[in-house]
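[1] Give me a 3D structure for the following:
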Amino acid sequence: MDVGNGTIIYFSIFRDKASAEESDSRALKWTKSYPGLFSNAPEVFMGVVFDYFH
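    Here you go, the predicted model:
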């Protein structure tokens with residue numbers, strides 16, 4: 001999602017923490033393979049999503 005000023009965000013939902021951490025690791029590796037594409041280092045934030053619809 002382009003939020004302006006050259007900033008792009010994305011978010012994903014995973015079943016467990018291990019899957020989220022693996023995704024973060026792969027994304028970081030991918031961004032490092034394109035050093036000229038990003039002007040700043042990526043920032044990763046992680047949190048818990050609660051399901052209130054059961």
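[2] immediately after the helix or strand of the chain with the lowest mean pLDDT, which helix or strand?
    Taking mean pLDDT, DSSP states H and E as the measure, the helix or strand of the chain with the lowest value is strand 7-8, at a mean of 81. As assigned by DSSP states H and E, the chain's next helix or strand after strand 7-8 is helix 17-32.
[3] Now do that following helix, average pLDDT.
    Averaging pLDDT along helix 17-32 gives 90.
[4] Check stretch 39-48 too.
    Rounded mean pLDDT across stretch 39-48 is 79.
[5] how long is it from one end to the other?
    One end of stretch 39-48 to the other measures 29 Å (CA to CA, to the nearest Å).
[6] Within the sheet, what are the partner strands of the least confident helix or strand of the chain, with directions?
    Partners of strand 7-8 in the sheet, by DSSP bridges, are strand 2-4 (antiparallel).
[7] residues making contact with the partner strand?
    Ile8, Ile9 (CB atoms under 8 Å, 6 or more residues apart in numbering). Just so you know, the C-beta spots here come from the backbone N, C-alpha and C atoms, and that holds for glycine as well.
[8] Please state the offset of that strand from the chain centre?
    Centroid separation between strand 2-4 and its chain, computed with CA atoms, centre = their mean, to the nearest Å, is 15 Å.
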